[in-house]
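Trainee: coords please:
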Amino acid sequence: MSPLPGAADDSREGENSLSLHTLGLIIQSSGTGNNSITSLSLKFQESNPRNQPDQLKPSQPAKQPHKPPIMPEQNNLPHPNRFITTHNEDGKAIIDTTLPAEAPFYSIGGPGDALFAQCYVTSTFPVNITEGADTTAYSNFLASPPGLTVSGGTVLRYVDMPPGALSPMHRTVSLDYGVVLEGAVELVLDSGETREMRRGDICVQRATMHAWRNLSQTEWARMLYVLQPSQPVAVAGKELKEDYGGMRGVKNSE
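Mentor: Next up is the predicted model:
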């Protein structure tokens, strides 16, 4: 397999690169009662990805001390809003204010961390929106974040990538739409093929092994993903399975 772009070489000594297998997740909380805050994060750590993904090995989530979340104001990107609609007693459309408009981002709280935000998550398809069944399910997912995908439902997720960050090489058994909102992001496939994506560009991800790299060494990048589960996928007579590429702390899709 060809080495992934961004792997260190002898002519570029000292250049930072990020590992495909050192993305960790920590669930954190602070406060009590209604003021409790739960946080989720994935951290990119530095190393050489030259020999990945062949050496990637999954590991179990590690329990970590509780800490408050870091919000996206601490990078150079604006904090986006997501507005949820509902109906009033007269059947008129209104904005649902039971959840704040700002999508909550989660991080372990240190430099070099990726920020995730579950903008909306459903557990059924077609989704049940009667009497707020979907918003109740979403609230539960905010309290207990899902895996990368939800079987039978959908996931709408922001991912803010630190400068130079490279995600693990991974696969979900799903059909995903990835849209670059800010910055420049490189799509990296396990064949070694790559594509540079700019603001507004879209990747339709069809259960392939892939990674994401922020091409800037100074600016954060943001992508928006819509993930929906697919039927079992077979290639060359072999059924493909979910593969997190060694992501520690990320629960399996359910």
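
Trainee: okay but V185 is in contact with M197, surely?
Mentor: Yes - the criterion here is CB atoms under 8 Å, and V185 meets it with M197 at 5.0 Å. C-betas here are computed from N, CA, C, even on glycine.

Trainee: more crowded one of those two?
Mentor: Set V185 next to M197 and count neighbours by other CB atoms under 10 Å: V185 wins out with 28 against 21.

Trainee: so what's the more buried one up against?
Mentor: Going by CB atoms under 8 Å, 6 or more residues apart in numbering, V185 touches 161, 196-197, 212-215, 221, 223.

Trainee: out of the residues you listed, who's nearest T124?
Mentor: Relative to T124, the closest of the contacts of V185 is M223; by CB to CB it sits at 25.5 Å.

Trainee: contact partners for that closest one?
Mentor: M223 neighbours (CB under 8 Å, 6+ apart): 158-159, 161, 178-181, 185, 212.

Trainee: so where's the stretch 101-250 of the chain uncertain?
Mentor: For the stretch 101-250 of the chain, the stretches flagged by pLDDT under 70 are 107-113, 247-250.

Trainee: repeat that with 90
Mentor: 103-116, 142-149, 165-168, 243-250 (pLDDT under 90).

Trainee: save the contacts of V185 as CSV, and put in distance to A137 too.
Mentor: Shown next, in CSV, are the contacts of V185 (distance: CB to CB, whole Å):
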residue, distance to A137
M161, 28
E196, 37
M197, 31
W212, 27
R213, 33
N214, 32
L215, 36
A221, 30
M223, 24
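
Trainee: show me which of these are buried.
Mentor: 161, 197, 212-215, 221, 223 (16 or more other CB atoms under 10 Å).

Trainee: and the gap between the closest residue to R198 other than its chain neighbours and M161?
Mentor: Take R198 and drop its neighbours on the chain: the residue closest to it by CB to CB, 6 or more residues apart in numbering is A184, 5.5 Å away. Separation of A184 from M161 (CB to CB, to the nearest Å): 10 Å.

Trainee: residues shared between the contacts of the two?
Mentor: 214, 221.

Trainee: quick revisit: was I right about the residue nearest to R198 contacting S216?
Mentor: Yes - contact criterion CB under 8 Å: A184 and S216 qualify, at 6.2 Å.

Trainee: what's the overlap in contacts for these two?
Mentor: With CB under 8 Å, 6+ apart, A184 and S216 have no common neighbours.

Trainee: now L142. Its backbone dihedrals?
Mentor: phi -70, psi -40 (degrees, to the nearest 10).

Trainee: what's the neighbour count on it?
Mentor: L142: 17 neighbours (other CB under 10 Å).

Trainee: nearest residue to it other than its sequence neighbours?
Mentor: Nearest non-adjacent residue to L142, counting by CB to CB, 6+ apart: Q118, 6.2 Å away.
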